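Undergrad: requesting a structural model of the entry that follows:
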Amino acid sequence: MGISQLIKTALKGVLLMPLVAIALALLWLIFTILNKAYWDAWVTRMCTSTDLVTVFETVDLRDPAYSSVPLGVTGLPLIPADTTRAAGDPFYVRSTSNIDRRFGGVSTGVSETAIVRAIDGKVLSHQIWYGRSGGDFIDLGSPGSYFSCSELGYDSSELRRATFLN
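TA: Just a heads-up that it's a prediction; the model follows:
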């Protein structure tokens with residue numbers, strides 16, 4: 001093989017490298033779009049096929065026993081988390097999350113929230129929430145995109161709205 005043949009082969013390799021890089025970038029872009037669509041469809045299916053809010057007992061906040069429960073600007077009660085509640089708080093919120101890391105930078109999660117009556121520990125209501133985060137084409141350390149039951153029109157305050165009457 002002569003020197004000119006080596007130069008031609010090297011030039012072909014140099015010219016092909018950007019094309020290969022572009023092809024790989026396009027494949028990754030297509031993969032991320034399809035991967036996010038798949039997990040968004042999973043979130044949609046879970047949000048629409050599950051009773052997101054289950055109420056076991058409603059509480060009438062007009063009852064004098066619950067006059068100390070503060071209300072927010074929306075008229076819904078402000079219920080502290082179980083880790084920040086004071087001794088006299090009649091209710092608290094207990095939350096858990098389970099996050100699964102998926103291939104392609106996607107995380108899916110299931111969050112469960114319960115409103116608990118403090119005096120007897122009874123769960124008054126329960127909410128399940130599904131979501132997907134990340135999986136973007138280029139992830140530069142930012143939180144990335146997010147998709148959850150909220151994007152489908154479900155309201156996360158429905159748990160308090162369904163549990164408390166005022």
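
Undergrad: any idea which residue is closest to the centre of this structure?
TA: Most central in the chain under Cα atoms, centre = their mean is Gly131, positioned 3.1 Å from the mean C-alpha point.

Undergrad: list the buried residues in the helix or strand hosting that residue.
TA: Using DSSP states H and E, Gly131 sits in strand 123-134. Neighbour counts over strand 123-134 (16 or more other Cβ atoms under 10 Å) mark 124-134 as buried. Bear in mind the C-beta positions are built from the backbone N, C-alpha and C, glycine included.

Undergrad: and which of those residues is nearest Leu27?
TA: When the buried residues of strand 123-134 are compared for distance to Leu27 (Cβ to Cβ), Gly134 wins out at 18.8 Å.

Undergrad: wait, the closest one sits on Ser145?
TA: Yes - with contact defined as Cβ atoms under 8 Å, Gly134 counts as touching Ser145 (7.2 Å).

Undergrad: identify all contacting residues around stretch 148-162.
TA: For stretch 148-162, the surrounding residues in contact (Cβ atoms under 8 Å, 6 or more residues apart in numbering) are 43-44, 47-48, 52-53, 55, 58, 74, 76-77, 79, 113, 115, 125-127, 129-132.

Undergrad: gap between the longest helix seen in the chain and the chain center?
TA: Secondary structure of the chain per DSSP state H: the longest helix is helix 3-49. Offset of helix 3-49 from its chain centre (Cα atoms, centre = their mean, to the nearest Å): 27 Å.
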